[in-house]
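**Student:** turn this into a structure:
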Amino acid sequence: MIILNRPEKILAGLLAGAVTAILTVFIALSVFNYPSADDFCIAASARDLGFFKALVFWYAHWSGRYTLHSVWTLILTPQDIFQIYRITPIVLLVLTWLSFSFLIARITQGRLSTGFSLLLGGVGAVLFIAGIPDVAQTFYWMGGSITYQLANILLLFLLGLLVWRETTAKDHWLQTLIFWLASFLAAAIIGANEVSLSLTLVILGCGTFYTLRARKDSRLFWIGLLVIASGVAIISLLAPGNIQRQASIDSAHDSMLRPGPWLAAVLYLPWVALRILYWLSNLGLWVSAFILLVTTFNIAKTRLYVQGTFRKGFLIFPAIWISLIFALSAIGFLINRYPLPERAESVVYLLFLLGWYPSFIILGHFLVRDRIQCDGRRLILPAAALLLINLAGTPNVFEAYKDMYRGYRYSQEMQKRLDTIQAAKNQGVTDMVVASLSHPPRTLFATDIATDPHNFRNECTRAYYQFKSIRLGDTVSPY
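**Tutor:** The predicted model follows:
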């Protein structure tokens, strides 16, 4: 167990208060959340077809993302989707915090108290929120959050189970339970989106390769997981809906200005490099990694060195980490000649965040070796204070605080729109025109219908409200 002195306890308390306050702000914003775009299509199909027929329809006509369609349809089955819609980001935010805490608890193998694991999990959750490209698409718009953030959460729990199996899970029944839980999580992640599918298969593939090469007793566990994951991946990738969806995407892109294949290839490497540099500009990552480097000094000396010599074989981890970041980022350029959507980049950022800390420790020991001093604990207090300041001052956190007011205004305008729509339905109106929004909050707002009634988002909204058409009119006056 880590024993803190009085100043460290005070700072830990302040850090816990800051993390709690930040997460509370994001949770409070959920009160102002409203569905949009694809949400209405899923809700309309669930209402008109029922749960199981809706799943078959989306698998056959849209994509093989069976986890997405199952969870999405289940949530949006009630007739009034607006109340349940506000609960979803709260659940995802809390689960993000708990999943980071679970992974940290499993990695530390009981060396940390439950409270301290929860605190560090909160720090991890805030660092994740601070680095994602678009908070709205990641947490508040269900079309993005269920597709990618739910998969991120399940991946964290899966990694925690895998670490548990390889470290302290010695009981046979516990190992069996972990296998089936891990199998379920792997299948659920793979059925959420293609980026998480690729990442999960790589992780399980690397784990299987390592356990086979090391002749570990867990190799059958990893082989079984990889076989199950590969099987459900085939089911997802061979869905008839994937072909139809890709055809619709290609048709839509024909009317869009996008770079040619060679230009996209040239832009790919600078894009990924700049994105990594953007993430590295977060001082909190460096400070937290430094604290981890100092506090794990003695453990690292026993694992990374043999007779006082650094084991260079560990350098393969940061090499694989960076390579995988570039590989996942390439998916968008290969399919659309564009970077991944910002909601999908949350998966890549999670990979970056998870690999950053072990890579920092490995490279730190490799580069400075014996010059690392174990007495660096005296620097932990100012470093933790700097981390506290950084967490509270990141752009996404500050934007969320500003959006507490803008969220209220957005909620009022959306409620007025809903009242207008209900009044029009009561009067038998079939062609609906609604007012545009004024200054929607960036933290909450992902997308809206357009002036073109044939836009996909308009068609989804029209189907849900059962109008003949719906479109935007004039912008409302700010108040």
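**Student:** what helix or strand is the closest residue to Ser218 other than its chain neighbours on?
**Tutor:** The shortest distance from Ser218 to any non-neighbouring residue, by C-beta to C-beta, 6 or more residues apart in numbering, is to Thr211 (5.4 Å). From N, CA and C alone the C-beta is placed, and that goes for glycine too. Using DSSP states H and E, Thr211 sits within helix 194-214.
**Student:** tell me the SS of Ala435?
**Tutor:** Classification of Ala435 using DSSP: H, G, I helix; E, B strand; the rest coil returns strand.
**Student:** I figured it hits Arg417, correct?
**Tutor:** Yes - using C-beta atoms under 8 Å, Ala435 is in contact with Arg417, at 6.6 Å.
**Student:** those two: who's more crowded?
**Tutor:** For Ala435 versus Arg417, the count of surrounding residues by other C-beta atoms under 10 Å is larger for Arg417: 18 against 15.
**Student:** show me the contacts for Leu351.
**Tutor:** Contacts for Leu351 (C-beta atoms under 8 Å, 6 or more residues apart in numbering) come out as 199, 321, 324-325, 328.
**Student:** the same query, at a cut-off of 10 Å, please.
**Tutor:** 152, 155, 195-196, 199, 202-203, 321, 324-325, 327-329 (C-beta atoms under 10 Å, 6 or more residues apart in numbering).
**Student:** and stretch 398-405, what's buried?
**Tutor:** Within stretch 398-405, the residues that count as buried by 16 or more other C-beta atoms under 10 Å are 400-401, 403.
**Student:** quick check, central residue of the protein?
**Tutor:** What sits nearest the mean C-alpha location of the chain, by C-alpha atoms, centre = their mean, is Gln149, with 3.4 Å.
**Student:** I'd say that residue and Gln137 touch.
**Tutor:** Yes - with contact defined as C-beta atoms under 10 Å, Gln149 counts as touching Gln137 (9.0 Å).
**Student:** okay, and the common contacts of those two?
**Tutor:** Common neighbours of Gln149 and Gln137, counting by C-beta under 10 Å, 6+ apart, are 343, 346.
**Student:** from Thr302, how far off is the residue lying closest to Ser196 once chain neighbours are set aside?
**Tutor:** Leaving aside its chain neighbours, Ser196 sits nearest to Ala151 (3.9 Å; criterion: C-beta to C-beta, 6+ apart). Taking C-beta to C-beta, to the nearest Å as the measure, Ala151 falls 35 Å from Thr302.
**Student:** neighbour-wise, which of these two wins?
**Tutor:** Relative neighbour count places Ala151 above the other of Ala151 and Thr302, with 30 against 8, counting by other C-beta under 10 Å.
**Student:** so what's the more buried one up against?
**Tutor:** Contact partners of Ala151, counting by C-beta under 10 Å, 6+ apart, are 65, 67-68, 145, 158, 185, 188-193, 195-197, 199-200, 346-347, 350.
**Student:** in helices, which of these fall?
**Tutor:** Assigned to helices by DSSP state H, the following of the contacts of Ala151 qualify: 67-68, 158, 185, 188-190, 195-197, 199-200, 346-347, 350.
**Student:** out of the residues you listed, who has the most neighbours?
**Tutor:** Counting neighbours by other C-beta under 10 Å, Ile190 leads the ones in helices among the contacts of Ala151 with 32 neighbours.
**Student:** and Arg471, what element?
**Tutor:** Element membership for Arg471 (DSSP H and E) is strand 469-475.
**Student:** buried residues, that strand. List them.
**Tutor:** By 16+ other C-beta under 10 Å, the buried positions in strand 469-475 come out as 470-472.
**Student:** which among those residues gets closest to Pro382?
**Tutor:** For the buried residues of strand 469-475, the residue nearest Pro382 by C-beta to C-beta is Leu472; the value is 52.1 Å.
**Student:** what are the bridge partners for that closest one, then?
**Tutor:** Taking DSSP bridges as the rule, Leu472 bridges to Val434.
**Student:** Ala187 - nearest residue in space that isn't next to it in sequence?
**Tutor:** Val232 (4.5 Å).
**Student:** where does this protein have low pLDDT?
**Tutor:** 1-5, 78-79, 246-258, 369-377, 474-479 (pLDDT under 70).
**Student:** the residue lying farthest from the centre of it and Ile421: what is the separation?
**Tutor:** Distance from the C-alpha centroid of the chain peaks at Gln427, with 42.8 Å (C-alpha atoms, centre = their mean). Per C-beta to C-beta, Gln427 is found 11 Å from Ile421.
**Student:** contacting residues for Glu342?
**Tutor:** Residues in contact with Glu342 (C-beta under 10 Å, 6+ apart) are 132-138, 144, 148, 349, 446.
**Student:** domain ranges for the protein, per the record?
**Tutor:** According to automatic domain parsing, the chain comprises the domains 173-236, 259-393, 406-475.
**Student:** figure out which of those domains is closest to Thr108.
**Tutor:** When the domains of the chain are compared by C-beta to C-beta, domain 259-393 sits nearest Thr108, at 9.8 Å.
**Student:** between its first and last residues, how far does the closest one reach?
**Tutor:** With C-alpha to C-alpha, to the nearest Å applied, domain 259-393 spans 36 Å between its terminal residues.
**Student:** tell me who's in contact with Ala319.
**Tutor:** By C-beta under 10 Å, 6+ apart, the neighbours of Ala319 are Ser359.
**Student:** that one sits in which helix or strand?
**Tutor:** Applying DSSP H and E as the criterion places Ala319 in helix 316-336.
**Student:** do the same with Leu181
**Tutor:** Going by DSSP H and E, Leu181 is part of helix 172-190.
**Student:** show me what that helix is packed against.
**Tutor:** Using 3 or more C-beta pairs under 10 Å, 6 or more residues apart in numbering; DSSP states H and E, the elements in contact with helix 172-190 are helix 66-76, helix 150-166, helix 194-214, helix 219-237.
**Student:** all set now, cheers.
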